[in-house]
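Peer 1: Return a 3D structure for these sequence lines:
(one chain, ligands or ions: 1)
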Amino acid sequence: LQGRSTLAAITPSPHLKDVRYDIRGHLARRARELEQAGTDILKLNIGNPAHYGFATPEPLRLAVAGHLQDSEGYGHEQGMTEARAAIAEVHRARGSHGVDAEHVFIGNGVSELIDISLRALLRPGDEVLLPSPDYPLWTASTHLNGGKPRYYSCPAERGHLPDPDEIEALIGPATRAIVLINPNNPTGAVYPRALLQQIVEVAARHRLLLLSDEIYDDIRFDDTPMQPLAELCGELPCISFGGLSKVHRACGYRVGWMVLSGAHARTAAYRDALQLLSALRVCPNILAQWAIIPALQGAPTIQALTGPGGRLEATRQAIIEEVRRSDYLQMVSPLGALYAFPSISSQRLPGFDDMAFAVSLLEHEHVLLTPGSSFNLAGSRHLRLTLLPPAGLVATVFERIERALQRCEAE
Ligand code: PLP
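Peer 2: As a prediction, this is how the structure comes out:
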């Protein structure tokens, strides 16, 4: 070894050049440092129900605890057959076309399946149409798998809804798929049926795969029913994503699923690729999969907390009130998912930089939020905060935000 350069740096792969995941980035790391130094941080940056005392329902816990000894070996690469059959049944009942257990893929969270679905699809330079703002794993995974994100906008002025004409105008020869996140993280928008129908027609005209991230499907704050995209797709290929993390309050179990619907003749080779990639990671965690059947068979979900008097609804109302009272803030009220996405008025603070503000809010006021620019939203003036803390904490959080905004204005 003597004489050779032992000091050459180990450099990361160029595939990571455009990959970011700010939700767990430098802000979160700085918050951890402050906590280790003894500072209390109000953390509203991650949709982690357990952090705010939302317990995983008892039937799910018992199912996992009772199957320790049955979970010692590897299992089917796509996940437990009985659990996949139960997921398929739910999706058939929702109107998905041609779904049975072989079209269901269980993963260690939806996160793993987002990556598998894109890895199985993309050739170098292929384009994926993503919402802006997006859940940033979609962008990261597109880059990691050699693809290129193209963004369709979901601005506040349109209630954070996409425009099907804009989506269609972005389609070119390299486009392979359209991603929808509904109910939406980070905006809280829930897409109406007629709008989804138009997007399905665009996908059908251009023979594109639809990828519908519905991990928040049962978390809605009004009586509008959630419209599963696959029901509108018929034979058009669609993958619907769901899981235990949010609706079933079990993020730590790391269980998600994706369901491939549509005409088998069009999806057979792609389905085989999904199976191959599933096999490369051997199988999803066996123990946690025991929670799937009780979850689908009526264990209480988080939805009970979104109605009048429910804890999530109380926090949502408190945030809406605080935003209304503020001279700096405005917001489209969230209709679903676990987040509020207020923005800062350009009249009050024309040069507002959301990341710089989030850093200052953390350092001076000890509140951790995620700035809108972390969700691939260029020029964002937004902040994302989760609806999970108790309503009683909201006044304190907004007092601190207002103080930081005043400081920002005075600078
Ligand atoms: N999709 C969306 C829209 C999310 O918000 C999240 C997590 O916050 C995920 C996917 C990943 O969820 P998990 O890997 O816990 O199933």
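Peer 1: which parts of the protein sit against the ligand?
Peer 2: Counting by CB under 6 Å from any ligand atom, the chain comes close to the ligand at 47, 109-111, 135, 181, 185, 213, 215, 243, 245, 251, 256. From N, CA and C alone the C-beta is placed, and that goes for glycine too.
Peer 1: Dump the residues you listed into TSV; add pLDDT, secondary structure and neighbour count as well.
Peer 2: Compiled in TSV, these are given as follows (pLDDT from 0 to 100; DSSP: H, G, I helix; E, B strand; the rest coil; neighbours: other CB atoms under 10 Å):
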residue	pLDDT	secondary structure	neighbour count
Gly47	89	coil	23
Gly109	98	coil	21
Val110	98	helix	25
Ser111	98	helix	18
Tyr135	97	coil	23
Ile181	98	strand	26
Asn185	97	coil	26
Asp213	98	strand	28
Ile215	97	coil	27
Gly243	98	strand	28
Ser245	96	coil	23
Cys251	95	helix	20
Gly256	98	strand	25
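Peer 1: Out of these, which two sit at the greatest distance?
Peer 2: For the residues of the chain next to the ligand, the farthest-apart pair by CB to CB is Ile181 and Cys251; their separation is 17.1 Å.
Peer 1: distance of Pro124 from the ligand?
Peer 2: Pro124 is 25 Å from the ligand, where distance means CB to the nearest ligand atom, to the nearest Å.
Peer 1: Ok, Pro192 next?
Peer 2: 19 Å.
Peer 1: if I look at whichever residue of the stretch 201-350 of the chain sits closest to the ligand, how far off is Asp213?
Peer 2: Taking CB to the nearest ligand atom as the measure, the point where the stretch 201-350 of the chain comes nearest the ligand is Ser245, at 3.4 Å. To Asp213, Ser245 is 12 Å away according to CB to CB, to the nearest Å.
Peer 1: tell me the average confidence for the helix or strand where Asp165 lies?
Peer 2: For Asp165, the enclosing helix or strand under DSSP states H and E is helix 164-170. What helix 164-170 shows for mean pLDDT is 98.
Peer 1: begin at 24 from here
Peer 2: Yep, numbering from 24; the last one is helix 187-193 now.
Peer 1: Next, report how far that helix is displaced from the centre of its chain.
Peer 2: Relative to its chain's centre, helix 187-193 lies at 22 Å (CA atoms, centre = their mean, to the nearest Å).
Peer 1: what does stretch 216-230 give?
Peer 2: 22 Å.
Peer 1: ok, residues contacting that stretch?
Peer 2: Applying CB atoms under 8 Å, 6 or more residues apart in numbering, the contact partners of stretch 216-230 are 184-185, 187, 190-191, 194, 198, 201, 203, 205, 231-233, 250, 252, 255-256, 259.
Peer 1: so how far is Met378 from the one residue in the chain that gets nearest to the ligand?
Peer 2: Proximity of the chain to the ligand (CB to the nearest ligand atom) peaks at Gly132, 2.6 Å away. Note on Gly132: its distance to Met378, by CB to CB, is 26 Å.
Peer 1: follow-up on the earlier one: ignoring the adjacent residues along the chain, who's closest to the residue of the stretch 224-373 of the chain closest to the ligand?
Peer 2: Spatial nearest neighbour of Ser268, excluding adjacent residues (CB to CB, 6 or more residues apart in numbering): Cys274 at 4.1 Å.
Peer 1: just Val42 next, same as before
Peer 2: Excluding its sequence neighbours, the residue lying closest to Val42 (CB to CB, 6+ apart) is Ala163, at 4.7 Å.
Peer 1: ok, how many other residues are close to that neighbour?
Peer 2: Look at Ala163: counted by other CB atoms under 10 Å, it has 21 neighbours.
Peer 1: Run a quick check on it versus Asp45, I expect a contact.
Peer 2: No: using CB atoms under 8 Å, Ala163 makes no contact with Asp45, being 10.3 Å away.
Peer 1: quick one: low-confidence ranges for the protein?
Peer 2: 24-29 (pLDDT under 70).
Peer 1: all strands of it, in order?
Peer 2: Taking DSSP state E as the criterion, the chain carries its strands at 65-66, 127-130, 150-155, 171-176, 198-204, 232-236, 261-266, 279-284, 352-353, 362-363, 366-367, 390-391, 393-394, 406-409.
Peer 1: can you tell me which residues contact Arg146?
Peer 2: Listed by CB under 8 Å, 6+ apart, the contact set of Arg146 reads Gly169.
Peer 1: same thing with His405?
Peer 2: Contacts of His405 by CB under 8 Å, 6+ apart are Pro156, Pro209, Phe364, Pro365, Ser366, Ile367, Asp377, Pro394, Gly395.
Peer 1: By neighbours, which of the residues you listed wins?
Peer 2: Comparing these on neighbour count, Pro209 comes out first with 32 neighbours (neighbours: other CB under 10 Å).
Peer 1: what about the nearest residue to that one once chain neighbours are set aside, neighbour count?
Peer 2: Nearest non-adjacent residue to Pro209, counting by CB to CB, 6+ apart: Arg407, 4.3 Å away. Using other CB under 10 Å, the number of residues around Arg407 comes to 29.
Peer 1: Would you confirm that Arg407 contacts Asn207?
Peer 2: No: taking contacts as CB under 8 Å, Arg407 lies outside contact range of Asn207: 11.0 Å.
Peer 1: And stretch 33-44, how far out from the chain middle?
Peer 2: With CA atoms, centre = their mean, you get 22 Å for stretch 33-44.
Peer 1: residues of that stretch that come out buried?
Peer 2: Buried residues in stretch 33-44, counting neighbours by 16 or more other CB atoms under 10 Å, are found at Val42.
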